[in-house]
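Peer 1: Predicted model, plus sequence, below.
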Amino acid sequence: MKKPLHFVIIASILLFSISSCEKDEHNWTPIKTVRLGVVSIKVPETYKYIINIDSEIQLNNGFDGNSIVLLKEALTGRTEEQVFQTKTDSYPYGTPTASDTTLLGRNTLKLEYSIPVAPGIGGDHSMKSFIFIEDDFVYTLEFGWTNDLHYLSLQLMYDILQTLQIQ
């Protein structure tokens, strides 16, 4: 009688450990501050830098397929309208859905696109870019994620946007 009970207890402990690890795996609470020029955001501790230079920061969380890019480029005499049109026309992922919004009171261009990575299998990759001008610089905050964790990733994007600061 002791062996079956012992097996049930061990199996229960293993099952609880696996399920709690899986929950922690997607704990993407934005706590680590990333700064580029006058713009800062908070990202989860699990995000790692790929590139960190004066004009570009790329972060990702590895196999979960989420990434963030923060770009800064000189305005160089262009108007907001010219910048927004150029960014829409030269969007690197195809023809995006463009819409106007605001971030912290700044006029912001929002570009959205879905990349069919593996058509028919469901491997689409969602892209959302937010472009605004501050202190004679054009800032682009770009989010990308796979469909596998779409709702968690979308919520993470909103959580990160809540931490956006422009100083």
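Peer 2: Now that the structure is in, tell me what you want to look at.
Peer 1: So what touches the helix or strand containing L70?
Peer 2: Taking DSSP states H and E as the definition, L70 sits inside strand 67-74. With contacts defined as CB atoms under 8 Å, 6 or more residues apart in numbering, strand 67-74 is touched by 34, 36-37, 39, 41, 43, 47, 54-61, 136-145, 160. Where you see a C-beta, it was placed from the backbone N, CA and C, and this is true even at glycine.
Peer 1: Apply 7 Å and report the result again.
Peer 2: 34, 36-37, 39, 43, 55-60, 136-144 (CB atoms under 7 Å, 6 or more residues apart in numbering).
Peer 1: Please apply the same query to stretch 95-113.
Peer 2: Outside of stretch 95-113, the residues that reach it under the criterion CB under 7 Å, 6+ apart are 80, 84, 87-88, 91, 93-94, 127-132, 134, 164, 166.
Peer 1: Now for these: which two are most distant?
Peer 2: Largest separation among those by CB to CB: G94 and I166, giving 28.8 Å.
Peer 1: still on that earlier bit, give me the buried entries from the contacts of stretch 95-113.
Peer 2: 84, 87-88, 91, 127-132, 134, 164 (16 or more other CB atoms under 10 Å).
Peer 1: can you tell me how far T79 sits from L149?
Peer 2: 38 Å (CB to CB, to the nearest Å).
Peer 1: Between the two, point out the one with more neighbours.
Peer 2: L149 (17 against 10; other CB atoms under 10 Å).
Peer 1: Can you tell me how far that one is from V34?
Peer 2: Using CB to CB, we find L149 at a distance of 21 Å from V34.
Peer 1: residue ranges of the helices in this protein, please?
Peer 2: For the chain, the helices defined by DSSP state H occupy 2-25, 80-89, 150-162.
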